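A.B. asks: kindly return the folded structure for what I paste below:
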Amino acid sequence: MTDRTAHSAAAGAPTRTVLLRGGEVHSPADPFATAMVVERGRVAWVGSEGAADAFAQGVDEVVDLGGALVTPAFTDAHVHTTSAGLALTGLDLSGARTLPAALDLVRAYAASRPADRVLLGHGWDAARWPERRAPYRAELDEATGGRPLYLSRVDVHSAVVTTALLALVPGVRPDGDRPLTADDHHAVRRAALAAVTPAQRAEAQRAALERAASLGIGSVHECGGPEISSAEDFTGLLALAAERPGPRVFGYWADRDLALAKELGAVGAAGDLFVDGALGSHTACLHAPYADAAHTGTEYLDVHAVTEHVAACTEEGLQAGFHAIGDAAITAVVDGVRAAAEKVGLARVRAARHRVEHAEMMTPATIAAFAELGLTASVQPAFDAAWGGEDGMYVDRLGAARARTLNPYAALLKAGVPLAFGSDAPVTPLDPWGTVRAAAFHRTPEHRISVRAAFTAHTRGGWRALGRDDAGVLVPGAPADYAVWQTGDLVVQAPDDRVARWSTDPRSGTPGLPDLTPGSDLPVCLATVVGGREVFVRPQG
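C.D. replies: You can find the predicted model right below:
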């Protein structure tokens with residue numbers, strides 16, 4: 001994109017008419033499009049460079065793309081915005097490769113922060129450390145000088161804390177130095193997050209939204225709830241987002257109190273309404289015991305609770321949704337939704353587009369049930385990139401045979417199950433092209449999907465998960481939510497994962513996408529526009 005000034009002026013004034021030309025426009029309306037007209041915050045036209053001449057004299061601005069690629073903006077369908085922002089602005093242990101390195105980071109962070117603040121950190125993963133254990137409480141007490149500290153594991157389903165923080169949460173009874181899980185974890189997390197000031201919270205939220213915009217993300221689905229954040233956090237984020245040009249924030253409130261969800265402005269009583277926990281913390285609910293623990297995890301909601309929630313949401317015209325990772329948890333969701341359909345009608349349940357977050361341990365039976373019941377699978381391909389493969393955490397927890405069944409995206413698509421991609425940030429980072437790559441080059445080859453299908457799940461899929469079929473694609477009438485990218489050759493992926501190096505496939509009329517072969521450079525976002533308003537532009541130079 002060569003004319004940044006023109007683009008900035010146009011994007012800041014959505015009532016104006018803008019012609020973008022001289023690039024590649026990813027649009028099913030014209031797979032060979034090189035130009036696009038935006039008017040009053042919506043796409044008005046897409047087409048070829050020659051046809052663009054007819055618009056050049058009748059628009060307010062002409063933007064020379066300089067060969068850049070224009071695509072729909074990404075939608076991240078599962079984000080914890082404040083926590084993601086706190087990881088960006090605070091203590092992030094995801095880069096620590098050993099336990100001593102993590103303790104050094106804790107020590108340095110504690111020394112840099114005001115003495116009257118509770119310390120918050122995230123991202124440790126003992127499965128990646130040679131010590132293969134979490135920090136002991138005494139080690140954290142020493143590293144912090146005896147201050148209150150909350151450190152969530154990378155999956156945010158367990159945590160380690162200092163003695164000083166435990167003193168603020170009566171009733172929590174730690175089992176030695178084992179990480180806190182389930183209700184004990186929820187209690188210490190509430191206490192830690194309650195210590196975040198409104199100013200700190202707003203700073204973290206702005207940081208997360210700015211990072212999202214810089215990566216071509218135009219919309220996020222905030223997954224809040226009483227066991228995750230707070231009503232104040234949730235409404236504060238929605239208010240902040242309403243004051244900004246973008247990214248858009250759609251809030252899901254994980255609570256069975258439907259009246260409260262509506263009062264808070266949620267689009268659904270969904271998101272992380274926990275049926276179980278996470279594999280890394282041994283709290284995902286399984287049919288058979290873990291390979292490395294003599295139990296089957298934790299069940300938070302049973303079939304009856306799922307049934308009642310789905311039926312109530314369907315009657316109220318709200319989306320229901322659940323966090324479910326283990327095969328037993330997913331079975332409970334499927335059985336509960338089917339029972340709700342018997343009460344209120346299958347057609348109504350399907351029309352509501354209820355959703356399931358994560359949905360990792362699927363079976364042929366539960367995949368078929370998702371399709372039958374119209375459930376959206378809101379999934380995170382970066383989980384497989386982080387923990388899949390022959391020597392990953394999944395194998396540690398489940399053994400090789402069960403681990404190979406996880407995250408079966410190809411089977412879900414083949415069955416007709418709608419996919420919406422997200423990051424679960426801060427569990428994995430905001431990284432949309434990395435997410436598309438992770439799905440297309442899944443560590444288990446039979447679960448791979450095409451780059452095109454993965455891209456659709458991360459753009460249009462997020463909008464469809466909201467019940468919107470008119471967005472996430474650059475066609476006339478759609479919202480002008482788009483990103484401009486610096487990228488290499490555009491390619492079309494063949495079924496056997498080979499790629500053909502042409503801008504579009506002349507046999508099928510398929511628009512090309514960047515080459516995401518592992519090892520290749522990911523596209524660089526030059527600008528992000530939401531509703532015709534610029535929300536990010538990369539500084540030149």
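
A.B. asks: and the gap between residue 228 and residue 130?
C.D. replies: 32 Å (CB to CB, to the nearest Å). Placement of C-beta: from N, CA and C, glycine included.

A.B. asks: my bad, residue 462
C.D. replies: Applying CB to CB, one obtains 38 Å for the distance of residue 462 from residue 130.

A.B. asks: check residue 240 too.
C.D. replies: 41 Å.

A.B. asks: more neighbours, these two?
C.D. replies: residue 240 (16 against 9; other CB atoms under 10 Å).

A.B. asks: what does the residue sitting furthest away from the middle of the chain show for phi and psi?
C.D. replies: Most distant residue from the mean C-alpha position of the chain: residue 57, 41.3 Å away (CA atoms, centre = their mean). Listed backbone geometry of residue 57 is phi -90, psi -10, with angles given as degrees, to the nearest 10.

A.B. asks: and residue 216, how far from residue 300?
C.D. replies: Counting by CB to CB - residue 216 and residue 300 are separated by 35 Å.

A.B. asks: name the residue in those two with the higher neighbour count.
C.D. replies: Taking neighbours as other CB under 10 Å, residue 216 and residue 300 compare with residue 216 leading, 26 against 21.

A.B. asks: the more buried one contacts residue 75, doesn't it?
C.D. replies: No - contact between residue 216 and residue 75 fails when scored by CB atoms under 8 Å: they sit 10.5 Å apart.

A.B. asks: residue 332 reaches residue 300, doesn't it?
C.D. replies: No - at 9.8 Å, residue 332 does not count as touching residue 300 under the criterion of CB under 8 Å.

A.B. asks: mutual contacts of those two, please.
C.D. replies: Taking CB atoms under 8 Å, 6 or more residues apart in numbering as the contact rule, the neighbours common to residue 332 and residue 300 are residue 275.

A.B. asks: give me the pLDDT for the closest residue to residue 298 other than its chain neighbours.
C.D. replies: Of all residues beyond its chain neighbours, the one nearest residue 298 is residue 283 (4.4 Å), with distances taken as CB to CB, 6 or more residues apart in numbering. Confidence per residue is given as pLDDT, and for residue 283 that number is 96.

A.B. asks: residue 88: neighbour count?
C.D. replies: Here the count is done by other CB under 10 Å, and residue 88 has 18 residues near it.

A.B. asks: got it, and the one 5 residues further on?
C.D. replies: One way to gauge burial is a neighbour count; for residue 93, by other CB under 10 Å, it gives 22.

A.B. asks: who are the contact partners of it?
C.D. replies: 102, 105, 106, 121, 122, 123, 124, 151.

A.B. asks: among these, which ones are in helices?
C.D. replies: Among the contacts of residue 93, DSSP state H puts 102, 105, 106 in helices.

A.B. asks: quick check: which element contains residue 70?
C.D. replies: Residue 70 is part of strand 69-72, with elements assigned from DSSP states H and E.

A.B. asks: got it, and residue 397?
C.D. replies: Here residue 397 sits within helix 393-398, counting by DSSP H and E.

A.B. asks: other residues contacting that helix?
C.D. replies: For helix 393-398, the surrounding residues in contact (CB under 8 Å, 6+ apart) are 125, 127, 279-280, 282, 286, 290-293, 386-389, 403, 406.

A.B. asks: buried among those residues? Make that a PyMOL selection.
C.D. replies: Applying 16 or more other CB atoms under 10 Å to the contacts of helix 393-398, the buried members can be selected in PyMOL as follows:
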select buried, resi 125+127+279+280+282+286+290+386+387+388+389+403+406
